[in-house]
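Q: what follows is a predicted structure for the sequence shown.
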Amino acid sequence: MKAGFIGAGKVGFTLGKYLAEGGITVTGYYSRTARSAREAAAFTGTRYYDKLAGIVKDSDTLFVTVPDGAIGEVWKGICNLPIKNKNICHCSGSISSTAFFNACEKGAYRYSIHPLYAISDKYNSYKTLKNAYFAVEGSPENLQEIINCLRSLGNKVTSIDPQKKAQYHCAAVMVSNHTVALADIGAELLTECGFSRRDAELALGPLIAGNALKIAEAGPEQALTGPVERADAGTVKSHMRILSGETKEIYRLLSKRLIAVAKRKHPERDYRDAEKELEK
Ligand SMILES: NC(=O)c1ccc[n+]([C@@H]2O[C@H](COP(=O)([O-])OP(=O)(O)OC[C@H]3O[C@@H](n4cnc5c(N)ncnc54)[C@H](OP(=O)(O)O)[C@@H]3O)[C@@H](O)[C@H]2O)c1
């Protein structure tokens with residue numbers, strides 16, 4: 001594989017560096033601004049391209065790592081270049097490979113290759129990308145080769161139905177991005193208890209990480225702890241009393257889901273009092 005990156009942002013930097021470190025040839029970077037592409041090329045020890053045609057010519061696999069809303073525009077620029085037999089890939093979680101709708105007419109193969117991972121640091125995320133699952137779908141011709149390539153780097157890979165991408169991405173957003181929202185609420189509540197914001201964030205880290213590890217190891221039921229699991233209606237009541245507005249609504253809805261998990265774990269336990277407190 002000779003992989004070229006169009007779009008030198010967080011994913012472009014990270015995936016390019018990861019592939020290069022894994023012994024895969026990375027040709028280089030083209031981006032909207034020369035500065036980003038030069039920086040990514042320097043970071044990965046690859047080439048900077050000032051023209052789309054140059055990177056397309058030198059690469060057999062193109063990763064379009066631009067924001068989802070710009071994939072169509074970039075495709076318009078690529079699709080009239082000589083792309084016969086090339087793999088055209090994007091990394092969007094929610095859009096399928098049909099974003100490259102007329103790839104087949106052009107003799108090219110189209111793929112969506114999504115790392116199920118929060119890539120937040122363009123200089124460091126590559127170091128832990130081996131832990132990420134990838135969800136891939138696209139043209140049958142080179143799909144297995146792409147899957148094998150990712151597996152050879154140590155990643156788990158799942159084929160996904162292109163029609164299910166919105167649902168798949170929704171799952172990722174709820175677990176990853178919504179945890180950020182919950183952490184923000186937690187930090188706010190802790191600062192009202194006298195923690196500095198920084199201390200609050202540091203204190204939340206082990207709570208979140210410990211849960212994440214236990215969920216991965218044994219599933220949500222085994223990871224569940226806390227007053228809802230114990231059917232402790234008094235504590236649930238005290239929480240509902242100090243909360244208000246949107247935060248109270250979030251607590252209520254998530255606790256209802258927790259009760260469902262708790263009932264699976266302890267079918268013999270009576271959760272009716274806790275349920276009543278959540279309805280008040
Ligand atoms: N970040 C994540 O956690 C994550 C995880 C999985 C998948 N993804 C997917 O990966 C893709 C890229 O996301 P990202 O987080 O890397 O975004 P990002 O950090 O905002 O980077 C996007 C890059 O695309 C470049 N760009 C924008 N419009 C362009 C155009 N018309 N032509 C060429 N380059 C253009 C920008 O370049 P300049 O810097 O030159 O302006 C920017 O650096 C998206 O499809 C996203 O859904 C993201």
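A: All right, it came through fine.

Q: quick check, pLDDT for the closest residue to the ligand within the chain.
A: The nearest approach of the chain to the ligand comes at G9, 1.6 Å away (CB to the nearest ligand atom). Where C-beta positions appear, they are placed from N, C-alpha and C, glycine not excepted. The score at G9 is 98. That number is its pLDDT.

Q: now the strands for this protein?
A: For the chain, applying DSSP state E gives strands covering 2-6, 25-30, 47-48, 61-64, 87-90, 109-115, 133-138, 156-159.

Q: quick one, phi psi at the residue of the chain closest to the ligand?
A: The phi/psi pair for G9 (degrees, to the nearest 10) reads phi -110, psi -150.

Q: any idea how many residues pack against the closest residue to it other than its chain neighbours?
A: Spatially, and ignoring its direct neighbours in sequence, G9 is nearest to T65 (6.4 Å; CB to CB, 6 or more residues apart in numbering). T65 has 27 neighbouring residues, counting by other CB atoms under 10 Å.

Q: pLDDT on stretch 72-83, on average?
A: Regarding stretch 72-83, the rounded mean pLDDT is 96.

Q: my guess is E221 meets H266, correct?
A: No: counting by CB atoms under 8 Å, E221 sits too far from H266 to count as a contact (9.2 Å).

Q: now S97: how far from C104?
A: Separation of S97 from C104 (CB to CB, to the nearest Å): 11 Å.

Q: same drill for those two, tell me which one is more crowded.
A: S97 (23 against 12).

Q: residue contacts, that one?
A: S97 sits next to C89, H90, A103, R110, Y111, S112, E137, G138, S139, P162 when contact means CB atoms under 8 Å, 6 or more residues apart in numbering.

Q: give the contact list for the first one.
A: This points to C89. With contacts defined as CB under 8 Å, 6+ apart, C89 is in contact with T61, L62, F63, V64, S97, R110, Y111, S112, I113, G138, I146.

Q: by neighbours, which of those wins?
A: The most crowded member of these, judged by other CB under 10 Å, is L62 (27 neighbours).

Q: pretty sure that residue contacts C91?
A: No: in this structure, L62 is not within contact of C91 by CB under 8 Å, at 11.6 Å.

Q: which stretches of the protein have low pLDDT?
A: Along the chain, no part satisfies pLDDT under 70.

Q: got the residues of it near the ligand?
A: With CB under 6 Å from any ligand atom as the criterion, the chain meets the ligand at residues 6-12, 31-33, 36, 65-68, 70, 73-74, 90-93, 114-115, 117-119.

Q: show me how the protein divides into domains.
A: As recorded under automatic domain parsing, the domains making up the chain are 2-160, 168-279.

Q: most packed of those domains?
A: Ranked by mean neighbour count under mean count of other CB atoms under 10 Å, the domains of the chain are led by domain 2-160, which reaches a mean of 19.

Q: so what's the gap between that domain and the chain middle?
A: 15 Å (CA atoms, centre = their mean, to the nearest Å).

Q: mind checking the end-to-end distance for it?
A: By CA to CA, to the nearest Å, the extent of domain 2-160 from end to end equals 24 Å.

Q: same check on stretch 115-125?
A: End-to-end span of stretch 115-125 (CA to CA): 12 Å.

Q: which residues touch that stretch?
A: If you take CB under 8 Å, 6+ apart as the criterion, stretch 115-125 is touched by 9-15, 43, 91, 93, 129, 131-135, 155, 172, 176.

Q: now do stretch 227-243
A: With contact meaning CB under 8 Å, 6+ apart, stretch 227-243 is reached by 248, 251-252, 255, 258-259, 262, 265-266, 269-271, 273-274, 276-278, 280.
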